[in-house]
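Colleague: how would this look folded up:
(4 chains)
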Protein chains: 2
Amino acid sequence: MSNNEVFKALSDPTRREILRLLGLREMSAGQLTEKFDMTKPSMSHHFAVLKEADLITSRREGQQIIYSLNTTVVQDMLTWMLDFFRHDSNRNNEP
Amino acid sequence: MSNNEVFKALSDPTRREILRLLGLREMSAGQLTEKFDMTKPSMSHHFAVLKEADLITSRREGQQIIYSLNTTVVQDMLTWMLDFFRHDSNRNNEP
DNA sequence: AACACAATTAGACAGTTGTCTAACAATCTA
DNA sequence: TAGATTGTTAGACAACTGTCTAATTGTGTT
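Modeller: As a prediction, this is how the structure comes out:
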């Protein structure tokens, strides 16, 4: 996972909504697609970007592909972000 | 500030580095530009995107424009993100 | 006023992105 | 095996993005 890929993945509203939904529960490609006004190939593209960034994982279950949030990477990213902006809260009393 | 503008702004590595530098101390456009292998107009464009997203503020001091991190908005964004991914840590024992 | 300095704006251009339709692949069931 | 279901891959295309050079704006200095 590269940081840049993660940020690129997060830069699209559709993909952020996919992540939000997967934060609630894992879902099949079809279930996710139902929630958006978009064709299946377009959604499939977004899944691929999120997978490339390692933000989600997938497994096949019969005819369906089940997507899940990659908890570890999401946590890592949040930690990284907090560290990145750590200086906000105290940049006046630290060297 | 729209969430989308913030994420778009964060999707570029140069802009993230600008934010990181401004997290350390406020700097003039020229000082920031020195840190990158890029022309002034290109940097100016990045400043504009960051300002549009309300992630930085600027003030004129003589001939120079001084840029600073917008602490409030950065904090808000981090809070929003943490809330967004809140379900990560406990999505197996919550409804 | 004339010039230098710091920075932005305007406009062009190649590369990337998000979306679509059409075609293909994998799995299940009759 | 044929057909239905679920999903991805291929390819096209308009819109957006990041970069550059050239021109412009605003400020200070002589």
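Colleague: so which residue of chain A comes closest to chain B?
Modeller: A:Ser11 (3.7 Å; CB to the nearest CB). Every C-beta, even on glycine, is put in place using the N, C-alpha and C of the backbone.
Colleague: show me the contacts for the nearest residue to that residue once chain neighbours are set aside.
Modeller: Excluding its sequence neighbours, the residue lying closest to A:Ser11 (CB to CB, 6 or more residues apart in numbering or on different chains) is B:Ser11, at 3.7 Å. When contacts are counted by CB atoms under 8 Å, 6 or more residues apart in numbering or on different chains, B:Ser11 touches A:Phe7, A:Lys8, A:Leu10, A:Ser11.
Colleague: strands along chain A, start to end?
Modeller: A:27-28, A:56-61, A:64-69 (DSSP state E).
Colleague: for the last one, packing partners?
Modeller: In other words, strand A:64-69. For strand A:64-69, the elements it packs on are helix A:13-24, strand A:27-28, helix A:29-34, strand A:56-61, judged by 3 or more CB pairs under 8 Å, 6 or more residues apart in numbering or on different chains; DSSP states H and E.
Colleague: what are the pairing partners of it, and which direction each?
Modeller: strand A:27-28 (antiparallel), strand A:56-61 (antiparallel) (DSSP bridges).
Colleague: any residues of chain A in contact with DNA strand D? List them.
Modeller: A:28-31, A:33, A:40-41, A:43-45, A:47-48, A:58, A:63-65 (CB under 7 Å from any atom of the strand).
Colleague: between all of the residues you listed, which two are separated the most?
Modeller: Based on CB to CB, the longest span within the residues of chain A next to DNA strand D runs between A:His45 and A:Gln63 and measures 20.1 Å.
Colleague: distance to B:Gln75, mean pLDDT and mean neighbour count added to the strands of chain A, as JSON lines?
Modeller: What follows is the strands of chain A, written out as JSON lines (distance: least, CB to CB, whole Å; pLDDT from 0 to 100; neighbours: other CB atoms under 10 Å in any protein chain shown):
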{"stretch": "strand A:27-28", "distance to B:Gln75": "32", "mean pLDDT": "98", "mean neighbour count": "18"}
{"stretch": "strand A:56-61", "distance to B:Gln75": "28", "mean pLDDT": "97", "mean neighbour count": "14"}
{"stretch": "strand A:64-69", "distance to B:Gln75": "24", "mean pLDDT": "97", "mean neighbour count": "18"}
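Colleague: closest one to B:Glu17 among these?
Modeller: Per CB to CB, nearest to B:Glu17 of the strands of chain A: strand A:56-61, 27.0 Å.
Colleague: who's in contact with the closest one?
Modeller: A:18-19, A:22, A:28, A:47, A:50-51, A:65-70.
Colleague: report the backbone C-alpha coordinates of it in PDB.
Modeller: Backbone C-alpha positions of strand A:56-61 (Å, rounded to 0.1, in the frame of the first residue of the first chain) are rendered in PDB as follows:
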ATOM      1  CA  ILE A  56     -10.900  -3.300   1.000                       C
ATOM      2  CA  THR A  57     -10.500  -7.000   0.500                       C
ATOM      3  CA  SER A  58     -12.700  -9.400  -1.500                       C
ATOM      4  CA  ARG A  59     -13.600 -13.000  -1.500                       C
ATOM      5  CA  ARG A  60     -15.900 -15.100  -3.800                       C
ATOM      6  CA  GLU A  61     -18.900 -16.800  -2.300                       C
END
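Colleague: I'm done for today, thanks for sticking with me.
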